[in-house]
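Chemist: Show me the folded form of this:
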Amino acid sequence: MLFQPPSRVLLVRNDALGDALVTLPAGEALRRTFPKAEVAVLAGKRNEWLFRRAGYPVLKDPLDFRKTVALLREYRPQIAVVASPRERVPLALLAAGVPLRVGYGYRSYGLTFNRPAFIHRSSSRAHEAALTLALLRPLGIYPRSYTAPVLTPTPDSLYRCNELLTELTISKPYTVIHPGGGGSAPRWSVRNYAELARLLMQRETPVLLTGSPAEAETLDSIAALAPGVVSLAGRSDLNLLTALIARCDCFVSGSTGPMHLAAALGVQQVALFSNEKSVAPERWYPLNKRAKVLCAVGNELNTITAERVFSAINTLQQ
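Modeler: You can find the predicted model right below:
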């Protein structure tokens, strides 16, 4: 039990980019509650960029139990809030003797928390941002509402973006399509993405495909079916991707990290969702007033047609 305000609070979110983005409201709530404390984040390789951009000190997850314990003993947080659903870090927090340990009580490792939050995430119909905020209730934090995350591209990334667009001879408003999903949610088919790209190019809208080097084959397959699209697979880091999205006329994707990135940038976007419980739209929809969410029939994402997405884009742009 703490009898004085903490000097160090640790938020654990060491999984993916999208998870990190919807955790930012909880991070801000911790900052407001403990204004004199350092609120740091134990982050993973895929999301440490985001937390640094948001101004948080970052502890890199060592991905090893003993090294994690050593890192925690060195940092010595008085409070740790675990938002990532894995058991290694909660066990390491217990072994490191962190005084207040907050996390989801219904997990198999829930006994490691001395301030458990008994929340059924999988059966809840609340957004992930709200669920993460609810995780703070054992600390006496009850935000009635939250502000959606907001990001802006850096001046350097905007300069690089302008250089790239000049190189590609793109001067018109363009659409960014991000076909990948990182394995976290069902993917729309290559044929559907290609058909959407053809519809956009028929009205003379340039189309950029974004993705990681591992997704190059998928992007190349789309490009083969829709000649004229530009594949940027592996050509943009997160800073450049942020600028490309910020400058675009519309962003199209499934439920994935860049979808939440587009939401934080406030651009027009169309997000495609299946109704699988773990990736349901009510839990993961983009926190963006300019977003249009399209839901599949049942769990089959490809019941959403390219014509339906094209119509949604046109509606957003009217």
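Chemist: only C-alpha atoms for contact and neighbour calcs from this point on.
Modeler: Will do.
Chemist: measure Asp237 to Val82 for me?
Modeler: As judged by Cα to Cα, to the nearest Å, Asp237 and Val82 stand 28 Å apart.
Chemist: Trp284: what's it in contact with?
Modeler: His127, Glu128, Ser255 (Cα atoms under 8 Å, 6 or more residues apart in numbering).
Chemist: Hmm, Pro286 and the second one touching each other?
Modeler: I take that to be Glu128. No. In this structure, Glu128 is not within contact of Pro286 by Cα atoms under 8 Å, at 10.5 Å.
Chemist: So those two - more neighbours on which side?
Modeler: More crowded of Glu128 and Pro286, by other Cα atoms under 10 Å: Pro286, with 28 against 18.
Chemist: quick one: the more buried one and Leu209, what's the gap?
Modeler: 20 Å.
Chemist: do Arg73 as well
Modeler: Arg73 sits 44 Å away from Leu209, going by Cα to Cα.
Chemist: more neighbours, these two?
Modeler: Neighbours were counted for Arg73 and for Leu209 using other Cα under 10 Å; Leu209 has more, 24 against 16.
Chemist: mind listing the strands for the protein?
Modeler: Residue ranges of the strands in the chain, as given by DSSP state E, are 8-13, 38-43, 58-60, 79-82, 100-104, 115-117, 175-178, 207-209, 230-231, 250-254, 269-273, 291-295.
Chemist: With mean pLDDT and distance to Ile222 added, can I get the ones you listed in TSV?
Modeler: As requested, these are arranged in TSV below (pLDDT from 0 to 100; distance: least, Cα to Cα, whole Å):
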stretch	mean pLDDT	distance to Ile222
strand 8-13	98	33
strand 38-43	98	33
strand 58-60	98	36
strand 79-82	98	39
strand 100-104	96	41
strand 115-117	95	44
strand 175-178	98	11
strand 207-209	98	9
strand 230-231	96	9
strand 250-254	97	14
strand 269-273	97	17
strand 291-295	97	21
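Chemist: closest one to Met201 among these?
Modeler: In terms of Cα to Cα, the element of the strands of the chain nearest to Met201 is strand 207-209, at 7.0 Å.
Chemist: Direction included, what does the closest one pair against?
Modeler: If you go by DSSP bridges, strand 207-209 pairs up with strand 175-178 (parallel), strand 230-231 (parallel).
Chemist: and those strands, which is most packed in?
Modeler: Neighbour counts (mean count of other Cα atoms under 10 Å) averaged over each of the strands paired with strand 207-209 peak at strand 175-178, with a mean of 24.
Chemist: which outside residues touch it?
Modeler: By Cα under 8 Å, 6+ apart, strand 175-178 touches 193, 205-211, 244-245, 248-254, 258.
Chemist: Break this structure down into its structural domains.
Modeler: Here the domain parsing of the chain from automatic domain parsing is 8-139, 155-316.
Chemist: How about the backbone phi and psi for Gly266?
Modeler: Per-residue torsions, Gly266: phi 70, psi 20 (degrees, to the nearest 10).
Chemist: right, and it touches Asn288 too?
Modeler: Yes. Here Gly266 reaches Asn288: they are 6.0 Å apart, a contact under Cα under 8 Å.
Chemist: Need the buried ones from the contacts of strand 175-178 selected in ChimeraX.
Modeler: Applying 16 or more other Cα atoms under 10 Å to the contacts of strand 175-178, the buried members can be selected in ChimeraX as follows:
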select :193,205,206,207,208,209,210,211,244,245,248,249,250,251,252,253,254,258
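Chemist: and the helix or strand of the chain with the lowest mean pLDDT, C-alpha only, in PDB?
Modeler: Ranked by mean pLDDT, DSSP states H and E, the weakest helix or strand in the chain is helix 281-284, scoring a mean of 92. Only the C-alpha atoms of helix 281-284 are listed here, as PDB (Å, rounded to 0.1, in the frame of the first residue of the first chain):
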ATOM      1  CA  PRO A 281     -16.200  -3.200 -34.700                       C
ATOM      2  CA  GLU A 282     -17.800  -2.100 -31.500                       C
ATOM      3  CA  ARG A 283     -14.600  -2.900 -29.700                       C
ATOM      4  CA  TRP A 284     -12.000  -1.700 -32.300                       C
END
